[in-house]
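*Asks:* have a look; sequence and predicted model below, questions after that.
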Amino acid sequence: MPKIVVFTGAGVSAESGLGTFRDSDGLWEHYRVEDVCTHEAWLTNPQLCVKFYNDRRRDTLAAKPNAAHIAIAKLQQVFPDTQIITQNIDDLHERAGAKGVVHLHGEITKLRSSLNETATVPLQGWEQHYGDRHPDDGSLLRPYIVFFGEGVPYFEEACHIAAMADIMIVVGTSLNVYPAASLLHYTKPGIPVYFVDPGQPEFGVWADRITHIKKKATEGVPELVEHLIREYRQTEDPLN
Ligand code: APR
């Protein structure tokens, strides 16, 4: 059975109604990154950060997994070694049935200590109340989001996962943000890399190695998953 790694960005959740960042009318056309998604923003205007993520949390809770999330979860059921790494903070992969999802940029459904980047607490509902404190270290609770300028705690784990892949599937990312975008560089030379995105991300040195499926996630991902299942599922021949 092949070890498949799926690496997703905002585009996989676009058809669930959650905005991407850099498409036209994307989130960064409505908010300045430096106001809501940097370490300095948290220090200087934490209430605006909390409001920004409360709004996104409310949208996430109202959204539903789409056919791409569902197909990726099915891939993991058919090929149990499949691992999912996402830049997304929504929980749509999990709500579609995926397990062990590695979130590189945090999770909207959790808060974290201001002192310890991985000391998280679950948040019930959509609204964080600024001023609540972490039950263990007493620090101010903040969104469990990796702000620009902060470390990416699970990046090293993601690199090890990518290095083991026999097949890499990338869905809906502009490959603009590092270190996440460098994940492809940790894969074994020569493995198949499928990229599902209706746009034209900057593939750079990967241009001749990527099979670009220039389709929306809800169309391209289910087709790709069915192709891989046909191609790689070892069927016990009942006659042998
Ligand atoms: N299906 C598949 N891909 C899509 C779809 C769709 N329906 N709609 C848009 N896309 C693609 C776009 O063509 C683009 O390549 O999704 C990608 C979205 O790119 P970005 O908005 O830059 O999102 P992403 O790459 O996930 O951003 C990475 O940047 O702001 C930070 O932390 C944030 O995790 C985020 C990181």
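*Replies:* Cool, the structure landed.
*Asks:* care to break the chain down by domain?
*Replies:* In the assignment given by automatic domain parsing, the structural domains of the chain cover 1-17+65-105+152-240, 19-62+106-145.
*Asks:* how about the contacts made by the most centrally placed residue in the chain?
*Replies:* By C-alpha atoms, centre = their mean, the mean C-alpha position of the chain lies nearest to T86, the distance being 2.2 Å. If you count contacts by C-beta atoms under 8 Å, 6 or more residues apart in numbering, T86 has them with 7-9, 12, 93, 101-104. C-beta: built from backbone N, CA, C; applies to glycine.
*Asks:* check V196 too.
*Replies:* 68, 169-172, 213, 215, 217, 220-221, 224.
*Asks:* for this protein, which spans come out with low pLDDT?
*Replies:* Within the chain, the segments meeting pLDDT under 70 span 235-240.
*Asks:* what residues does it put near the ligand?
*Replies:* By C-beta under 6 Å from any ligand atom, the residues of the chain that approach the ligand are 9-11, 14-15, 20-23, 26, 87, 105, 172-174, 176-177, 196-199, 201, 216-217.
*Asks:* what ranges do the helices span in the protein?
*Replies:* 33-36, 39-44, 46-62, 67-78, 92-95, 155-163, 217-232 (DSSP state H).
*Asks:* packing partners for the first one?
*Replies:* Spelled out, that is helix 33-36. helix 39-44, helix 46-62 (3 or more C-beta pairs under 8 Å, 6 or more residues apart in numbering; DSSP states H and E).
*Asks:* turn those into CSV, including mean neighbour count.
*Replies:* Below are those laid out as CSV (neighbours: other C-beta atoms under 10 Å):
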stretch, mean neighbour count
helix 39-44, 14
helix 46-62, 17
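*Asks:* of those, which is nearest E150?
*Replies:* helix 39-44 (5.4 Å; C-beta to C-beta).
*Asks:* let me see the residues that make contact with that closest one.
*Replies:* Under C-beta under 8 Å, 6+ apart, the answer for helix 39-44 is 34-35, 48-49, 142, 147-150.
*Asks:* and the strands in the protein?
*Replies:* For the chain, applying DSSP state E gives strands covering 4-8, 83-86, 102-103, 106-113, 120-122, 141-145, 167-171, 193-196, 210-213.
*Asks:* list the pairing partners of the longest one within its sheet, with orientation.
*Replies:* Pointing back at strand 106-113 there. strand 120-122 (antiparallel), strand 141-145 (antiparallel) (DSSP bridges).
*Asks:* relative to P122, how far out is V6?
*Replies:* 25 Å (C-beta to C-beta, to the nearest Å).
*Asks:* okay, the two: which has more neighbours?
*Replies:* Per other C-beta atoms under 10 Å, whichever of V6 and P122 has more neighbours is V6, with 29 against 9.
*Asks:* phi and psi next, for the nearest residue to A62 once chain neighbours are set aside.
*Replies:* With sequence-adjacent residues excluded and distances taken as C-beta to C-beta, 6 or more residues apart in numbering, A62 is closest to G17, at 7.8 Å. Main-chain dihedrals, G17, degrees, to the nearest 10: phi 90, psi 10.
*Asks:* before we move on, back to that, tell me the most buried of the strands paired with strand 106-113?
*Replies:* Counting by mean count of other C-beta atoms under 10 Å, strand 141-145 has the highest mean neighbour count of those, with a mean of 23.
*Asks:* that strand vs helix 46-62, what angle?
*Replies:* If you take axes from the mean of the first three to the mean of the last three C-alpha atoms, to 10 degrees, strand 141-145 sits at 50 degrees to helix 46-62.
*Asks:* quick one on the thing from earlier: which of the contacts of T86 count as buried?
*Replies:* For the contacts of T86, a burial check counting by 16 or more other C-beta atoms under 10 Å picks out 7-9, 12, 93, 101, 103-104.
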